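Colleague: Sharing a model that was predicted from the sequence below.
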Amino acid sequence: MATLTPPVQANLSRADLIEEYDRDRLGFVMRAVRRYGPVVELSPGTVLVADGEVAHDVLRRTNRDFLMDRDRAWRPTDSRRGEDALESWMSARRAMLSALSGDLVAEHLRWYSASLTTLLDTWAGQGRTADPLRPLMRLSTDAFLRLCTGPSVSPDERAGLATAVAGLLDALNPIVRSSYELPWFLDRLTGRRRRAARAQHRLETGLAALVDRPPPAGLVAALRDAGVPREPLVRILVSAAIAARLVPAAANVWTLRAMAVHQPTDEPAHVVDEVLRMWPPTWLIHRATHAETASGPWRFPAHAALMICPYAIHRDERHWADPTEFRPARWRDGRPPAGAYLPFGGGPRWCVGTHLAKAQLVEAVRVFRHYRLVDDSGPVTTDTNSTLHPRGLALRVGRAAAPERNTTR
């Protein structure tokens, strides 16, 4: 039997870890990997994982040996097998994965391409966009809600839900961005938690009304027809709405920047894969141990917080030649080994919308190629407080050719 060893110790106090991490989150993680190796216990009970094979194993064994100890709203949760809440959640996820296919997705992608074209036409008419993230967040939110309701519900009718989604993200922002975490029995009483709870209640109320009377031809109707009960359906819709607002928008902004700076002519799918390798919006994935647990040669302590870092894993020279270079052509040779590429996580809790998200990004690349995109930014920095996205990006936008118009609404 192979000998198990504990992670390399960085011997930082909790206070020192928070101070150094908050000063430069990406820089701190990458320096830690270079100095200590791909698996390091930064401070007692906090372990950084930047080894793809170990990350793949941890994600594969989630719900069994490794746990998700917080939900999308950053609240404590129990994700151990056998818990009723987990079983109903996983059943709802399987139903959603099955529903996200066929005519529902095909119609959605036609609408998405047309809507993105309208947005780019607006920018081209103005000649420039100084903040592409905000309008892309609005589009991402509306895209998710339209997918849920189907095409029969107008944008004005979806507006109330869109406001509730935006309100919840705004309320969660100071919670997710903070490295300081109080015990839950105290944290739940803070003003920021009470604001988030009120915002979540508003969104849950709106989504529950949608679930109770789902319009035809939408995702919610398909899930109700599949027998998903009301409570887990509302919960999974809230979680999906949180992810659907910022993550696809961030990926689109990184794609815009890559196309403006590098002007790739590769297959759209290869461009998407390389964008997600270089700048994975979900750059940290959290897991926890319930008991002392082994993965590969490592022995993790009980009650440890694991920080899996796809950003660092995607720059591992063992799997990627010239990992800091943007090279879509690298994807012509097939897929990397398991764990080397994790933009959507992995295991039983991988992103249920992975295939739809990638299809949307492929459509985005096709749309963007109808326009002249020129980087017009000053200093561009990377926001790492929640979802990885660029700050300060500005683009000059012009029409490169007359695109084929898709008028589906």
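Modeller: Good, I have the coordinates.
Colleague: Provide the count of other residues in contact range of the residue lying closest to Ser88 once chain neighbours are set aside.
Modeller: Nearest residue to Ser88, sequence neighbours excluded (Cβ to Cβ, 6 or more residues apart in numbering): Pro232, at 4.2 Å. The way it works is simple: take the backbone N, C-alpha and C, and place the C-beta from them, glycine included. By the criterion of other Cβ atoms under 10 Å, Pro232 has 20 neighbours.
Colleague: Can you point out the buried residues in whatever helix or strand Pro232 lives in?
Modeller: Secondary structure from DSSP states H and E places Pro232 in helix 230-262. Neighbour-count burial for helix 230-262, counted by 16 or more other Cβ atoms under 10 Å, picks out 232-260, 262.
Colleague: wait, doesn't Gly218 sit right on Phe144?
Modeller: No - with contacts counted by Cβ atoms under 8 Å, Gly218 stays clear of Phe144, the gap being 11.0 Å.
Colleague: ok, which stretches of the stretch 201-350 of the chain are strands?
Modeller: 285-289, 293-295, 298-300, 305-308 (DSSP state E, counting those that start in this stretch).
Colleague: Pro155: what's it in contact with?
Modeller: Listed by Cβ atoms under 8 Å, 6 or more residues apart in numbering, the contact partners of Pro155 are Asp142, Arg146.
Colleague: all helices for this protein, in order.
Modeller: For the chain, the helices defined by DSSP state H occupy 14-23, 25-36, 52-60, 84-99, 102-126, 133-149, 155-177, 184-187, 191-212, 219-225, 230-262, 268-278, 310-313, 354-368.
Colleague: Figure out which of the ones you listed is closest to Ala294.
Modeller: Among these, helix 52-60 comes nearest to Ala294, with 9.4 Å by Cβ to Cβ.
Colleague: tilt between the closest one and strand 285-289?
Modeller: Counting by axes from the mean of the first three to the mean of the last three Cα atoms, to 10 degrees, helix 52-60 points 70 degrees away from the direction of strand 285-289.
Colleague: Output the contacting helices and strands for helix 52-60.
Modeller: strand 285-289, strand 293-295, strand 305-308, helix 310-313 (3 or more Cβ pairs under 8 Å, 6 or more residues apart in numbering; DSSP states H and E).
Colleague: change it to 10 Å
Modeller: Secondary-structure packing of helix 52-60 (3 or more Cβ pairs under 10 Å, 6 or more residues apart in numbering; DSSP states H and E): strand 46-49, strand 66-67, strand 285-289, strand 293-295, strand 298-300, strand 305-308, helix 310-313.
Colleague: Flag the shaky bits of this protein, pLDDT-wise.
Modeller: Residue ranges of the chain with pLDDT under 70: 1-2, 78-84, 401-409.
Colleague: Could you check how many residues crowd around Ala226?
Modeller: The burial count for Ala226: 15, using other Cβ under 10 Å.
Colleague: Render the CA-only coordinates of stretch 325-335 in PDB, please.
Modeller: These are the backbone C-alpha positions of stretch 325-335, laid out as PDB (Å, rounded to 0.1, in the frame of the first residue of the first chain):
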ATOM      1  CA  GLU A 325      -0.200  31.400 -24.300                       C
ATOM      2  CA  PHE A 326      -3.600  31.700 -26.000                       C
ATOM      3  CA  ARG A 327      -3.500  28.900 -28.500                       C
ATOM      4  CA  PRO A 328      -6.800  27.400 -29.700                       C
ATOM      5  CA  ALA A 329      -5.000  25.100 -32.100                       C
ATOM      6  CA  ARG A 330      -3.900  23.000 -29.100                       C
ATOM      7  CA  TRP A 331      -7.500  21.600 -29.100                       C
ATOM      8  CA  ARG A 332      -7.100  20.000 -32.500                       C
ATOM      9  CA  ASP A 333      -5.300  17.100 -30.900                       C
ATOM     10  CA  GLY A 334      -8.200  16.000 -28.700                       C
ATOM     11  CA  ARG A 335      -9.000  16.300 -25.000                       C
END
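Colleague: List the contacts of that stretch.
Modeller: Identification of contacts with stretch 325-335 by Cβ atoms under 10 Å, 6 or more residues apart in numbering yields 257-258, 261-262, 264-275, 277-279, 320-323, 336, 341, 365.
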